[in-house]
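**Student:** can you look at this prediction? I've put the sequence above it.
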Amino acid sequence: MSEFSYRLLRRWPDVEAPNLFASDASDRLILDEAFATLAGVHDGRDVVVIGDRYGALTLGVSFEHGLSGIRVHQDALSGELALAANAEEFELSSCFESRALDESLLAGARVVLLQLPRSLAELDEIADAVARYAADDVVVFAGGRIKHLSLAMNDVLGHYFGTLDVSLARQKSRVLVARGSRRPVDARPYPKLVVNPELGLTIAAHGGAFSGTTLDIGTRFLLTFFDQIDPAARTAIDLGCGTGVLAAVLATQRPELSVIATDQSAAAVESAAATVLANGLGGRVSVVRDTGLAQQPDDSADVIVCNPPFHVGSSVHTGVALAMLRDTGRVLRGGGQLFTVFNSHLAYQPELRRLVGPTKVLGQNTKFTVTVSTKKVLAKGGAPTNTVPATTTPAMTVPATTTPEGT
């Protein structure tokens, strides 16, 4: 396909639905505001794209300005995969390189295109990295939908850059343009490390990690039911691990468990790896970046714990959570347990029964529900039985790795 079109971009392998889109007006406004500056760029390696959800910014720059070698950072692995798939469809696969949020991404960059994150902490970490590593004359074009912007974002960018201009609004979108980087002289402030006295554990968090260094109330409620985990279990997975709190507690409370912490967010994976290291659990917990449980074999886990999301970007949508639950039904061994916490109004129980097995409510308060679902055991010949296997074997150990939103 030789002609690039924003409307033909896909979100796959992320959730696709009639009310979810692969690009929006803010992508196009960012590119339009940056057009004159980008016209003076002759080497794509001078351009960095951060937070591109499904490829609109990266592929738009390449197509409109004929640039290649663009450096890209996307927090969500699904976004990376979608960008790669869209690039192949438009014959632009060689136009970009995916990088971590570090010096290799930003060294010498003259133009940064940024989809503003919802989290101020995530914006702070991004702005710190740009000011620290990019060229002195770097210009940052940071855009988003007006309903998601706040004056506090101006303050964050103002801390790291000398001037900040604001574009006119268009199609409910706006762009902040930052220039004149103020190079930080201190060590990078992320990940942040905080000792949680309630758990007796250190929580590490990068800016984009859900809940940061605090213990969110859903996780706290789920933890109160860990004493009901099968004592015979030997392998456990923290699915959608965030900062790795559940994985760290599992490994601390149950030394016999082999634990995998997995998340598709780069910030979460790096945070969880730092949490594991800070608590001396490096030999006990493996951290992987994955979409759901795609890397995990069938029938390989005795226990899975999950605090699933109920948003896709800014849209309330249960598609991601249901895909995660579907994965658990495949990866759990017969008799294996899935412990899930979710907002009570979502009423996931019918889906848990369908996708995993018999489901029991363990606890419920005004906000959250905790359930345990047990995967049925298949007897010889494929007939289901409720007998739990007498023995289990450890799951494959995966080495640690550290490597958006539609409206």
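**Tutor:** That came in fine, so what should we check first? None of these values were measured; they are calculated from a predicted model.
**Student:** strands of the stretch 151-300 of the chain, start to end?
**Tutor:** Secondary structure of the stretch 151-300 of the chain by DSSP state E, counting those that start in this stretch: the strands cover 161-166, 173-181, 192-196, 201-205, 235-239, 258-263, 285-289.
**Student:** partner strands of the third one and their direction?
**Tutor:** In this case it means strand 192-196. strand 201-205 (antiparallel) (DSSP bridges).
**Student:** state the mean pLDDT of the partner strand.
**Tutor:** Mean per-residue pLDDT for strand 201-205: 98.
**Student:** quickly note the distance from the closest residue in space to L157 that isn't next to it in sequence to H65.
**Tutor:** Leaving aside its chain neighbours, L157 sits nearest to A178 (4.7 Å; criterion: Cβ to Cβ, 6 or more residues apart in numbering). (Each C-beta comes from the backbone N, C-alpha and C, glycine too.) Here A178 is placed at a distance of 21 Å from H65 (Cβ to Cβ, to the nearest Å).
**Student:** sorry, back to before: wait, what's in contact with the residue nearest to L157?
**Tutor:** By Cβ atoms under 8 Å, 6 or more residues apart in numbering, the contact set of A178 is A127, V139, V140, A142, L157, Y160, F161, T163, L164.
**Student:** could you rerun that using 6 Å?
**Tutor:** V140, L157, F161, L164 (Cβ atoms under 6 Å, 6 or more residues apart in numbering).
**Student:** and the pLDDT for it?
**Tutor:** For A178, pLDDT reads 98.
**Student:** now do the end-to-end distance for stretch 283-291.
**Tutor:** 23 Å (Cα to Cα, to the nearest Å).
**Student:** burial check on the nearest residue to V269 once chain neighbours are set aside, number of neighbours?
**Tutor:** Using Cβ to Cβ, 6+ apart and skipping the chain neighbours, the partner closest in space to V269 is R289 (4.5 Å). R289 has 23 neighbours, counted by other Cβ atoms under 10 Å.
**Student:** and P117, by the same measure?
**Tutor:** If we define neighbours as other Cβ under 10 Å, then P117 has 24 of them.
**Student:** cool, and T214?
**Tutor:** T214: 15 surrounding residues under other Cβ under 10 Å.
**Student:** that one and L106, how far apart?
**Tutor:** Relative to L106, and taking Cβ to Cβ, T214 is found at 29 Å.
**Student:** where does this structure dip in pLDDT?
**Tutor:** Within the chain, the ranges that satisfy pLDDT under 70 run 1-2, 310-319, 378-407.
**Student:** how about the residue nearest to the spatial centre of the chain, what does it touch?
**Tutor:** Note on the chain: the residue nearest the mean C-alpha position is S265, at 2.3 Å, using Cα atoms, centre = their mean. Neighbouring residues of S265 by Cβ under 6 Å, 6+ apart: D75.
**Student:** cool, and G212?
**Tutor:** Contacts of G212 (Cβ under 6 Å, 6+ apart): A205.
**Student:** how about the helices in this protein?
**Tutor:** Residue ranges of the helices in the chain, as given by DSSP state H, are 25-39, 56-65, 77-89, 103-106, 120-133, 151-160, 217-223, 245-253, 266-278, 319-331, 349-355.
**Student:** list the contacts of the fourth one.
**Tutor:** Among residues not part of helix 103-106, those counted as contacts by Cβ under 6 Å, 6+ apart are V48, R71, H73, R99, A129, V130, Y133, A134.
**Student:** how's the protein carved up into domains?
**Tutor:** Listed by automatic domain parsing, the domain ranges of the chain are 6-181, 192-385.
**Student:** relative to M153, how far out is the residue nearest to the centre of the chain?
**Tutor:** According to Cβ to Cβ, S265 stands 20 Å off from M153.
**Student:** before we move on, what about D136?
**Tutor:** Using Cβ to Cβ, D136 is found at 23 Å from M153.
**Student:** out of those two, which sits in the more crowded spot?
**Tutor:** Higher neighbour count among D136 and M153: M153, with 21 against 8, using other Cβ under 10 Å.
**Student:** which among the contacts of A178 end up buried?
**Tutor:** The neighbour-count test (16 or more other Cβ atoms under 10 Å) marks V140, L157, F161, L164 as buried among the contacts of A178.
**Student:** nearest to Q349, of the residues you listed?
**Tutor:** Closest approach to Q349 among the buried ones among the contacts of A178 (Cβ to Cβ): L157, at 44.2 Å.
**Student:** can you get me a residue count around the closest residue to F141 other than its chain neighbours?
**Tutor:** Once flanking residues are discounted, F141 sits nearest to A34: 4.4 Å by Cβ to Cβ, 6+ apart. If you count neighbours by other Cβ under 10 Å, A34 ends up with 25.
**Student:** of all the strands of the stretch 151-300 of the chain, which one is nearest K376?
**Tutor:** Among these, the nearest to K376 by Cβ to Cβ is strand 235-239 (18.5 Å).
**Student:** what are the pairing partners of the closest one, and which direction each?
**Tutor:** In the sheet, strand 235-239 lines up with strand 258-263 (parallel), strand 301-306 (parallel) (DSSP bridges).
**Student:** can you tell me how far G180 sits from Y133?
**Tutor:** To Y133, G180 is 15 Å away according to Cβ to Cβ.
**Student:** many thanks, have a good one.
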